[in-house]
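>>> Next comes the sequence, and after it the predicted model I'd like to discuss.
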Amino acid sequence: MSSKKKIFIISISVLGLVIILWCIYYFFIREKEIIHNVSFSLTGEDNITIEVGSEYEDSGATLMVDNIDKTNDIKIDYSKLDTNVLGESLIKYYYLLDNKEYSVTRTIIVVDTSSPEIKLNGRDSITILKGEEFNEPGYIALDNYDGDITDKVEVTSNIDNKVVGEYSITYNVTDTSNNSTSVSRKVIVKEPKKVVVVTNTEEKEVKKEVKPIVQENSITYNKFTSSGFYIEGVKTSTDNIYKLILSGDNEYSFDLTSTGNNKYKGSIDLSNVGNGTYKLLIDTGEKENLINKLDFIDKIKRSKVGDKLVTFNYDSDSISINIEDFSYQYDILIDPGHGGNDTGASNEYIYEKEMNLKVSMYEKCRYEEHGYRVYMTRTSDTYGSGMGDSSLPRLHKRAYEIGYNGVVSKVVYSNHHNAISNNYYNGYEILVPASLSNTELSNELNIMNKFNSIYPNLDNHLRFYGRDYDTEKKYNMTTGNTYSFKDNYAVNRIPLKLFNVKSVIYEGSYLTNKEDYNSYWNNNNWIKVSEAKIETYINYLGGTYNSDNSNCLS
């Protein structure tokens, strides 16, 4: 065979092999690839913008292969996504089939559109005196992305401390994403207030001399007890009959004890006396009216006795009592001390009456938010109406009102603020009736402990005490001892004596100590002090304390 013929045969063989291989590829391998119909698409937008630091919720993608849903087989690559860094990130969705990758991508654009926050130290409104330098309490600027940007705050002010008026300070800050915030603080320049000198000596009632009683059946001493009331007095008859009669729809008789010289004493138990109005009679062989010869300030008026409300009524020639089922009308009684032309204590910036009212109105709001009923002795810059005999000093009329409505209230207290002749006393005081035990003062002792954690740098003068009416001596009440003296303060004394009502006086700070005043008032620590009372009393009343006070801030 010639070489040419060999070459021809080899060429024909190679060509045939190529044709065979091409046919295998065309009819088998190539045909296998083209039979797959793949549909891969994103669910939702291709480009999504989110806030930096937020959580990204992926909307995913869908995949159909040869009309079969393969969405659950999609793999997702989040490795290039970082929601804490500004800019664009990619999310890759992919699927592998016959060593081939099918994929789609979504672009996540991370942006910062949140404005920074500026927090002002101290109050939003600050009062300074004419000629006094304004001391900036400070501020903090925080951004959700840049962090602390206090050093970027720009402060502008139009304050002229030589001219009385209202001014403003504006605080501006811009973050790296060009988000801006502006807040302002009001500064009031005012003439100094005239300082009112007040003494710690309360106005006292003038006691009328009680003349010996010879010809009238009378009560010379009385007080409420846990089951009724106790009386002492004189009867005109020399008959050896010592009985007190309650005369109404029904009649009840109680034995009295002779103490000589036609004098008597006795405890009257009302536990089994039905509701109604009863005249008090003395049995002298015949039933005669009993007359009260005490001063108005010593005549017991009404009290909760067991499950009854007992009210005394005094006519010129008789005494009667009304007995009815007891129910509370209020949960809390708050007395904002002073008011009207009675400024209370003061410094150059403020009168006590203003502080008392603001604190009390805030506390009223907070209690009412929790669903409690509040009685206020005043809600505006007046002294309040008061109650009782028109001849009484108005302080005692205020105290009488506190007692009268305090009987039907579960918590009773009066808000005040202090002043003293020195400028170094600071902090709080709590004044309570001296005859009460630690058990009866458990709420107030709890509040005292809360106060101790709020007030800075307390010195050692008395914080929780009763005070003697005649000697002015103070008695520390944290020891658990009780004392027999007459309480100095009318707001403690009259409600307890005439109505059997525990009332407490809270003194929030010393206006005569500028540092104490600024810490308490200008730095808003008075709110923490109020919240200590509010939380304690709400817990006592069986409620659930909510610390969110935003609705009561003005």
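That came through, no problem.

>>> any weak-confidence spans in the protein?
Of all residues in the chain, those with pLDDT under 70 make up the ranges 1-9, 14, 18, 22-35, 196-215, 460-461.

>>> Contacts for the strand or helix carrying residue 167 next, please.
With secondary structure defined by DSSP states H and E, residue 167 is part of strand 165-174. Residues lying outside strand 165-174 but in contact with it, judged by CB atoms under 8 Å, 6 or more residues apart in numbering, are 116, 118, 120, 136, 139, 141, 149, 152-160, 180-189. Using the backbone N, CA and C atoms, a C-beta is placed for each residue, glycine as well.

>>> May I see the buried residues of it?
Going by neighbour count (16 or more other CB atoms under 10 Å), the buried part of strand 165-174 is 167, 169, 171-174.

>>> what about the strands in the stretch 401-550 of the chain?
Along the stretch 401-550 of the chain, the segments classed as strands by DSSP state E, counting those that start in this stretch run 409-418, 429-431, 464-467, 474-476, 504-510.

>>> Domain parsing of this protein, as residue ranges.
Following automatic domain parsing, one finds the domains of the chain at 38-111, 117-190, 218-325, 330-552.

>>> how long is the third one from one end to the other?
So the one you mean is domain 218-325. From its first residue to its last, domain 218-325 covers 28 Å (CA to CA, to the nearest Å).

>>> cool, stretch 257-273 as well?
Stretch 257-273 has its terminal residues 20 Å apart, counting by CA to CA.

>>> Could you list the buried residues of that stretch?
Result for stretch 257-273 [16+ other CB under 10 Å]: buried residues 262-264, 266, 268-270, 273.

>>> Please narrow the residues you listed to those residing in strands.
Among the buried residues of stretch 257-273, the subset assigned to strands under DSSP state E consists of 263-264, 266, 268-269.

>>> which one among those residues gets closest to residue 396?
Set against residue 396, the nearest of those by CB to CB is residue 268 (26.6 Å).

>>> For the closest one, give me its contacts.
Counting by CB under 8 Å, 6+ apart, the residues that residue 268 touches are 228-231, 244, 246, 254.

>>> Phi, psi for residue 356 please.
phi -60, psi -40 (degrees, to the nearest 10).

>>> if I look at it, how far off is residue 398?
In this view, residue 356 and residue 398 are 12 Å apart by CB to CB, to the nearest Å.

>>> So which of the two has more stuff around it?
residue 398 (28 against 25; other CB atoms under 10 Å).

>>> Setting aside sequence neighbours, what's the nearest residue to that one?
Counting by CB to CB, 6 or more residues apart in numbering, residue 398 lies nearest to residue 386, which is 5.0 Å off, once chain neighbours are set aside.

>>> you'd agree residue 357 is up against residue 376?
No. Counting by CB atoms under 8 Å, residue 357 stays clear of residue 376, with 9.3 Å between them.

>>> excluding its backbone neighbours, what's nearest residue 473?
Excluding its sequence neighbours, the residue lying closest to residue 473 (CB to CB, 6+ apart) is residue 467, at 7.1 Å.

>>> Number of residues surrounding the one you found?
24.

>>> for residue 240, same thing?
Other residues near residue 240 number 7, with proximity taken as other CB under 10 Å.

>>> ok, it to residue 266 distance?
Using CB to CB, which is the criterion applied here, residue 240 is 15 Å from residue 266.

>>> For residue 46, give me its contacts.
In this structure, residue 46 makes contact with 106-107, judged by CB under 8 Å, 6+ apart.

>>> Same check on the one 10 residues further on?
Taking CB under 8 Å, 6+ apart as the definition of contact, the neighbours of residue 56 are 50, 81, 83, 108.

>>> how about these, which pair is most distant?
50 and 81 (10.0 Å).
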